[in-house]
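Student: give me a 3D structure for the following:
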Amino acid sequence: MKKLNKKAILLTIAIVVVVVIGTLVTIKLVQERNKNDAIPVISLIGDSNIKLELNEDYEESGATASLENEDVTSKIEKTGQVDTSKIGRYEITYSVANSKNKHKVEIKRIIDVVDSVKPELKLNGEEKISIYVGSKYEEQGATATDNYDGDLTEKIVISGEVDTSKVGEYTIKYYVQDSSANSTELTRTVTVKARPAAQPASTGVAKSGKGIPILMYHFFYDKNVSKGADNNWLEISLFEEQMKYLSENNFYFPSWQELVDYIDGKITLPEKSVIITADDGDPSFFNLAVPIIKKYNVKATSFVIGSWYAWDAIKYQSENISLQSHSHDMHRAGSDGKGIMLTNSYEEAIQDIKTSQSELGGSSVIAFAYPFGHYNDHAKKVLTDAGIKIAVTTKDGRAYKGSDKLALPRKRISAGMSLNAFKNIVN
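Tutor: Sure, this is the predicted structure:
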């Protein structure tokens, strides 16, 4: 009996063990089945919608994921990329699946790369311009650049008009917009003022007997870049002082035809009249002096040596810049050591002058500067026959009523001249 009870007990234990193991296996299978059927949970770290400026750094914040209380963040797959150098909308997708890939979930982050920087708009020339009534207004335009679109100059819209027939103040507007609808607007004020017109000689003007100073310049330099070679080189800041003085003191700048009429006694010019000339047509005049001439809205003449500079000078001809002749190819010495114009044949000399006129504007070329200031009766006849009405030398003096129109003196402006000395010359 005792032996039987022992066997029964062992059998019972074995049955219990089998049952327990079976139960554990069943539980494990159920857990695995439940896990395979479970849906992962995924969450973004940080904002789901982000706005970045163009070229701003994008910092990836990532996401987290769990499955049945188990951290499965390491199993997240990320797709998509962000290029902050290009405007647009970008998507980053984060996805994760359960162990049998039966259930896959994903979440997205939206990144908008935007440009909120306005284009840079710059006026060519001055913001405020003054011109005389009856003059031609030359639109100088503007330039525009954008941090994303690049050069937008061709997209600039210019509006407004200047009626140069009427005294008044006019506004020109410049507007440009980039591809992101960022816009910039600038304005330019153009003042049309009454011209101190030449008056009939019979009316008379006080102190009209002072004559008209014709200023003679040659070359220009910027002290921050180079040095002047000799007395003919004027530092550009001194030139600007002089032009500013003439502008602010309302000097009048007669045309060459007006000077002809003044000398002939047909008109009397305003008391504050001056003519500005620069010999040769050197690039330093056009590169350094011309911007200042336009800035202060004065008028000047470049006496151009055609064979040297005509091809480049012609593009600078404007309301402010008159191109007149310094000969085509006679700015050289003859056999006697003086300007070759004095000894050239009549035919050679007149052909040279006609070539020069053709290069610089034809019939508008009525003034001449003698090479080296040398002249004689032969040279004067050549000029007269070529249609030149007025000529200047390098002699010191002013132009008066009754002066020899083909041998006018000038006032030389030399290097280092003080503003007070300049005032004494023009007043």
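
Student: what about stretch 229-244, start to end distance?
Tutor: 25 Å (CA to CA, to the nearest Å).

Student: er, stretch 137-157 I mean
Tutor: Span of stretch 137-157 from end to end, CA to CA: 18 Å.

Student: same check on stretch 271-285?
Tutor: Counting by CA to CA, you get 27 Å between the two ends of stretch 271-285.

Student: contacts for stretch 254-262, please.
Tutor: 198, 212, 267-269, 273, 275, 299, 301, 322, 324, 366-367, 389-390, 399, 401, 405 (CB atoms under 8 Å, 6 or more residues apart in numbering). Where you see a C-beta, it was placed from the backbone N, CA and C, and this is true even at glycine.

Student: quick check: PyMOL command selecting the buried ones in those residues.
Tutor: For the buried members of the contacts of stretch 254-262, the matching PyMOL selection, counting by 16 or more other CB atoms under 10 Å, is:
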select buried, resi 198+212+267+268+269+273+275+299+301+322+324+366+367+389+390+399+401+405
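
Student: which ones among the contacts of stretch 254-262 are found in helices?
Tutor: Among the contacts of stretch 254-262, DSSP state H puts none in helices.

Student: okay, and which of the contacts of stretch 254-262 map to strands?
Tutor: 267-268, 275, 301, 322, 324, 367, 390 (DSSP state E).

Student: turn those residues into JSON lines, columns for pLDDT and distance to D336.
Tutor: Shown next, in JSON lines, are those (pLDDT from 0 to 100; distance: CB to CB, whole Å):
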{"residue": "I267", "pLDDT": "90", "distance to D336": "40"}
{"residue": "T268", "pLDDT": "90", "distance to D336": "41"}
{"residue": "I275", "pLDDT": "98", "distance to D336": "31"}
{"residue": "T301", "pLDDT": "98", "distance to D336": "29"}
{"residue": "S322", "pLDDT": "96", "distance to D336": "32"}
{"residue": "Q324", "pLDDT": "97", "distance to D336": "26"}
{"residue": "A367", "pLDDT": "98", "distance to D336": "26"}
{"residue": "I390", "pLDDT": "98", "distance to D336": "26"}
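
Student: now name the helix or strand holding L10.
Tutor: Secondary structure from DSSP states H and E places L10 in helix 2-37.

Student: just checking, next helix/strand downstream of that helix?
Tutor: strand 41-44.

Student: need the next SSE after that following strand, C-terminal direction.
Tutor: Beyond strand 41-44 in the direction of the C-terminus, DSSP H and E gives the next helix or strand as strand 49-53.

Student: list the buried residues in stretch 337-348.
Tutor: For stretch 337-348, a neighbour-count test (16+ other CB under 10 Å) marks 338-344 as buried.

Student: residues contacting it, please?
Tutor: Residues contacting stretch 337-348 (CB under 8 Å, 6+ apart): 327, 330-336, 349, 352, 370-372, 374-376, 378-379, 381-382.

Student: hmm, try it at 7 Å
Tutor: 327, 330, 332-336, 349, 370-372, 374, 376, 378-379, 382 (CB atoms under 7 Å, 6 or more residues apart in numbering).

Student: what's the most distant pair in the ones in strands among the contacts of stretch 254-262?
Tutor: T268 and Q324 (23.5 Å; CB to CB).

Student: and F368, how far is that from P409?
Tutor: Going from F368 to P409 by CB to CB, to the nearest Å gives 14 Å.

Student: was I right to think A367 contacts L323?
Tutor: No: the criterion here is CB atoms under 7 Å, and A367 misses it with L323 at 9.8 Å.

Student: which strand residues bridge G339?
Tutor: Per DSSP bridges, the residues bridged to G339 are A333.

Student: just confirm Y94 is within a strand.
Tutor: Yes: judged by DSSP: H, G, I helix; E, B strand; the rest coil, Y94 forms part of a strand.

Student: what is the neighbour count of the residue nearest to it when sequence neighbours are not counted?
Tutor: Among residues not flanking Y94 along the chain, A63 sits closest, at 4.2 Å (CB to CB, 6 or more residues apart in numbering). By the criterion of other CB atoms under 10 Å, A63 has 21 neighbours.

Student: for A63, what are phi and psi?
Tutor: A63 adopts backbone torsions of phi -150, psi 170, taken as degrees, to the nearest 10.

Student: look up how far Y221 lies from it.
Tutor: For A63 relative to Y221 (CB to CB), the value is 67 Å.

Student: ok, now G168?
Tutor: 39 Å.

Student: comparing those two, which shows the higher neighbour count?
Tutor: Neighbour totals were compared for G168 and Y221, and Y221 leads with 17 against 12 (other CB under 10 Å).

Student: pLDDT below threshold where in the stretch 51-200 of the chain?
Tutor: Counting by pLDDT under 70, the stretch 51-200 of the chain shows low-confidence ranges at 100-102, 195-200.

Student: what does the stretch 201-350 of the chain give?
Tutor: In the stretch 201-350 of the chain (pLDDT under 70), the answer is 201-209.

Student: okay, strands next: where are they in it?
Tutor: 214-217, 219-221, 233-235, 267-268, 275-280, 300-304, 321-325 (DSSP state E, counting those that start in this stretch).

Student: SS state for E161?
Tutor: On the three-state scheme (three-state DSSP), E161 is labelled coil.

Student: ok, now how distant is it from K173?
Tutor: As judged by CB to CB, E161 and K173 stand 11 Å apart.

Student: mind listing the shared neighbours of the two?
Tutor: The contact sets of E161 and K173 do not overlap (CB under 7 Å, 6+ apart).

Student: now do the same for E32: its pLDDT.
Tutor: pLDDT recorded at E32 is 55.

Student: setting aside sequence neighbours, what's the nearest residue to E56?
Tutor: T84 (5.7 Å).

Student: for Y174, what are its contacts?
Tutor: Applying CB under 7 Å, 6+ apart to Y174 gives the contacts 121, 123, 142, 156, 158, 185-186.

Student: quickly list what it is bridged to.
Tutor: Here Y174, judged by DSSP bridges, has bridge partners I158, L186.

Student: count the neighbours of the closest residue to K173 other than its chain neighbours for me.
Tutor: The shortest distance from K173 to any non-neighbouring residue, by CB to CB, 6+ apart, is to S159 (4.8 Å). As a burial measure, S159 scores 11 neighbours (other CB under 10 Å).
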